[in-house]
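Student: sequence plus predicted model, see below.
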Amino acid sequence: MKPRVPMRDALRDPQLLGGALPGPSWAIWRTLLIAAMGEPLTDEEREAFAAVTGRPEEPQQRVDELWCVVGRRGGKTRAAGTLAAYVATLCDWSDKLAPGERGVLPILAASTSQADRAFQHVLGVLQHSPVLRGQILGAPTSDTIRLSNFVDVMIRPANFRTIRSITAVAAIADELAYWHVEGSRNPDREILAALRPALITTGGPLMVISSPYARRGELYRTYKADFGPEGDPSILVAKGPSKVFNSTLPQSEIDKAYARDPASASAEYGGEFRIDVEMLFDRETVELAVDLNTTVRAFNPGARYKAFIDPSGGSADSMTLCIAHKEGTRAVIDLVLEEKPPYSPEFVTDKFANTLRTYGISRVVGDRFGGEWCREPFQRRGITYAISPAPKSELYLALLPALNSGRVALIDNDRLIDQLVGLERRTSSSGRDSVDSPPGGHEDVANAVAGAVYLLLMQRDPPVAYTTSYHRGGPPTPYDLLDKLLAQ
């Protein structure tokens, strides 16, 4: 990497990047970019630099990675776009690229629509510069800006499989805290591990920008390891509230956010990692409970089956069904059905009812979704729909000790595993715990399984005169005889 113009000079020159981060409100971002490029700071800049990095002095050499943990509306996406524009156009990569090879500057985010925001900032910075706009070849597409110096700025999905086999001159990782974190099959750790080798040849920088979220994942690990004077000199970590990085942000709006939800606002605007959000399950525990290569268990006439449904209206969430039975002290999952939207609720109800009858089940439990919506269609098909005795969070919290103690046998279902390990445990200011999927996530399959386990391990059945074998028309089982005895 050979800068043709120092970062400080580029940010001053209106013909280059002078219009990208102008004025006093962008001073801290200009300071960070100048320091990250190994350029010296003024005394005033050094004081601001120390306040957000915990380091008394600038690196004095170009860093390999710049991590910015900043609250929302703090200007981090525009700053990243400015760095990308500088690296892509004002640095010489000719000695790093083979003849005919084009370098890539990937912009990665949890979704391509999110990456597009950073991409548009890069494009805007380039087009606003009288000099740099001349390096753009042709009309940019929706995901690529081709430059005359054999560099392409591109949107890439945050997936460790899609960023291999490229020569990267730099990379932008946007909102890393909201990528798939540890526990998923595409964790942030694996994505960055696949990305870093692409930067080795060129020595280009990695810039990670994100609002903080839970105390997990690579964002939190890097902050804990490298923030402050004891951190790796080649990794620069900056952290602070939105208002520090964007002084124009109205304090009244920040105050309203804190009044609505202090825990959320401390992350969104205060730049603090949330202490009220933790993972409920780790992947190792969940996978240890899985019977590999078993996706469904056949009906066993000697088993007493129970079923739990997570209903849906058919437009947004999946509708799921879990059937399970008990063996000794263990809950054994036999079958999981998921119908993804869009679908006809009547069609899915019919499909689920037929499956329930296959396992000799005439009663299913589910939540209160839609009032009578679920009860009546199932009742018409000879299936009683009962309301769950426990809310969703209680089902998950009961599942936790059962899984940890090896009292649950799961089937081999990727959706189930991924949803379980993605669940988040939140503690309110009153000390009450709740469990749900992360923002933008789903837990329909996990909810059905947690409900079935709850019915088997936590809920005591009332005595009944007969059970499923009589509904099937078969001979009474020992369980039927025991139920008759208890009912007398």
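Tutor: That came through, no problem. Residues are numbered from 1 along each chain as shown.
Student: what pLDDT does the model give the nearest residue in space to Trp26 that is not next to it in sequence?
Tutor: Of all residues not flanking Trp26 in the chain, Gly75 sits nearest, at 6.7 Å (CB to CB, 6 or more residues apart in numbering). The way it works is simple: take the backbone N, C-alpha and C, and place the C-beta from them, glycine included. Looking at Gly75, its pLDDT is 93.
Student: got phi/psi on Gly75?
Tutor: With angles defined as degrees, to the nearest 10, Gly75 sits at phi 90, psi 10.
Student: how about it, what does it touch?
Tutor: Contacts for Gly75 (CB atoms under 8 Å, 6 or more residues apart in numbering) come out as 21, 25-26, 29, 245-246.
Student: mind giving me the PyMOL command for buried ones among those?
Tutor: Buried residues within the contacts of Gly75, by 16 or more other CB atoms under 10 Å, are selected in PyMOL with:
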select buried, resi 21+26+29+245+246
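Student: could you list which of the contacts of Gly75 belong to strands?
Tutor: Among these, DSSP state E puts none in strands.
Student: from the contacts of Gly75, pick the one nearest Arg330.
Tutor: Distance to Arg330 across the contacts of Gly75 (CB to CB) is lowest for Phe245, with 52.2 Å.
Student: separation between the closest one and Phe119?
Tutor: To Phe119, Phe245 is 21 Å away according to CB to CB, to the nearest Å.
Student: likewise for Leu176?
Tutor: For Leu176, the distance to Phe119 equals 16 Å [CB to CB].
Student: mark which of the contacts of Gly75 are part of helices, please.
Tutor: Among these, DSSP state H puts 29, 245 in helices.
Student: pLDDT (mean, whole number) over the longest helix seen in the chain?
Tutor: Taking DSSP H as the assignment, the helix of the chain that covers the most residues is helix 112-128. Averaged over helix 112-128, pLDDT sits at 89.
Student: counting contacts, what elements does the helix or strand following that helix pack onto?
Tutor: Counting by DSSP states H and E, the next helix or strand C-terminal to helix 112-128 is strand 144-146. Packed against strand 144-146 by the contact rule (3 or more CB pairs under 8 Å, 6 or more residues apart in numbering; DSSP states H and E) you find helix 112-128, strand 151-157.
Student: and of the ones you listed, who's closest to Thr427?
Tutor: Between those, helix 112-128 lies closest to Thr427; by CB to CB that is 28.1 Å.
Student: would you pull up how far the closest one lies from the middle of the chain?
Tutor: Offset of helix 112-128 from its chain centre (CA atoms, centre = their mean, to the nearest Å): 22 Å.
Student: got the contact list for it?
Tutor: Residues external to helix 112-128 that are found in contact with it (CB under 8 Å, 6+ apart): 17, 19-20, 77-78, 80-82, 84-85, 88-89, 107-109, 132-133, 135-136, 140, 142-143, 145, 153, 155-158, 172, 174-175.
Student: and this structure, what are its domains?
Tutor: Domain assignment of the chain by automatic domain parsing yields the ranges 2-275, 283-481.
Student: among these, show the one with the smallest mean pLDDT.
Tutor: Comparing mean pLDDT across those, the lowest value falls on domain 283-481: a mean of 83.
Student: now the strands: where do they sit in the stretch 251-400 of the chain?
Tutor: Under the criterion DSSP state E, counting those that start in this stretch, strands of the stretch 251-400 of the chain are mapped to 277-279, 305-310, 319-327, 330-339, 363-366, 384-387.
Student: can I get stretch 244-257 as CSV, trimmed to CA atoms?
Tutor: Output of stretch 244-257 as CSV, limited to C-alpha atoms (Å, rounded to 0.1, in the frame of the first residue of the first chain):
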residue,chain,number,x,y,z
VAL,A,244,-19.0,12.4,21.0
PHE,A,245,-18.7,11.4,17.3
ASN,A,246,-21.5,13.6,16.0
SER,A,247,-21.9,16.8,18.0
THR,A,248,-24.9,17.9,15.9
LEU,A,249,-27.1,15.0,17.1
PRO,A,250,-30.0,16.5,19.1
GLN,A,251,-29.6,15.7,22.8
SER,A,252,-33.4,15.9,23.2
GLU,A,253,-33.8,12.8,20.9
ILE,A,254,-31.2,10.9,22.9
ASP,A,255,-33.0,11.8,26.1
LYS,A,256,-36.2,10.5,24.7
ALA,A,257,-34.6,7.2,23.8
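Student: and Val52, what does it touch?
Tutor: Contact analysis of Val52 by CB under 8 Å, 6+ apart lists 28, 32, 238-240, 244-245.
Student: ok, and the most crowded of these?
Tutor: Counting neighbours by other CB atoms under 10 Å, Ala238 leads the contacts of Val52 with 28 neighbours.
Student: distance check, the nearest residue to it once chain neighbours are set aside against Asp64.
Tutor: Nearest in space to Ala238, with sequence neighbours left out and distances taken as CB to CB, 6+ apart, is Val52 at 4.5 Å. Using CB to CB, we find Val52 at a distance of 19 Å from Asp64.
Student: tell me the contacts of Leu397?
Tutor: 425, 433, 435.
Student: on the three-state scheme, the residue nearest to Ala238 is what?
Tutor: In three-state terms, and counting by DSSP: H, G, I helix; E, B strand; the rest coil, Val52 is helix.
Student: next, the angle strand 151-157 makes with the longest helix of the chain.
Tutor: Angle, helix 112-128 to strand 151-157, by axes from the mean of the first three to the mean of the last three CA atoms, to 10 degrees: 160 degrees.
Student: restrict helix 112-128 to CA atoms and write it as PDB.
Tutor: Coordinates of each C-alpha in helix 112-128 appear next as PDB, following Å, rounded to 0.1, in the frame of the first residue of the first chain:
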ATOM      1  CA  THR A 112     -26.900  -6.500   1.100                       C
ATOM      2  CA  SER A 113     -29.400  -3.700   1.700                       C
ATOM      3  CA  GLN A 114     -27.400  -2.700   4.800                       C
ATOM      4  CA  ALA A 115     -24.100  -2.900   2.900                       C
ATOM      5  CA  ASP A 116     -25.700  -0.700   0.200                       C
ATOM      6  CA  ARG A 117     -25.800   2.200   2.600                       C
ATOM      7  CA  ALA A 118     -22.000   2.100   3.100                       C
ATOM      8  CA  PHE A 119     -21.600   1.500  -0.700                       C
ATOM      9  CA  GLN A 120     -23.600   4.600  -1.400                       C
ATOM     10  CA  HIS A 121     -21.500   6.700   0.900                       C
ATOM     11  CA  VAL A 122     -18.300   5.600  -1.000                       C
ATOM     12  CA  LEU A 123     -20.000   6.400  -4.300                       C
ATOM     13  CA  GLY A 124     -21.200   9.800  -3.000                       C
ATOM     14  CA  VAL A 125     -17.700  10.700  -1.700                       C
ATOM     15  CA  LEU A 126     -16.100   9.800  -5.100                       C
ATOM     16  CA  GLN A 127     -18.800  11.600  -7.100                       C
ATOM     17  CA  HIS A 128     -18.500  14.700  -4.900                       C
END
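Student: in that helix, what counts as buried?
Tutor: Buried residues in helix 112-128, counted by 16+ other CB under 10 Å: 112, 114-116, 118-119, 121-126.
Student: possible to save the residues you listed as CSV with distance to Ala36?
Tutor: Formatted as CSV, the buried residues of helix 112-128 follow (distance: CB to CB, whole Å):
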residue, distance to Ala36
Thr112, 26
Gln114, 23
Ala115, 21
Asp116, 24
Ala118, 17
Phe119, 21
His121, 17
Val122, 17
Leu123, 22
Gly124, 21
Val125, 17
Leu126, 20
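Student: and of these, the nearest to Gly441?
Tutor: Proximity of the buried residues of helix 112-128 to Gly441 (CB to CB) peaks at Gln114, which lies at 15.0 Å.
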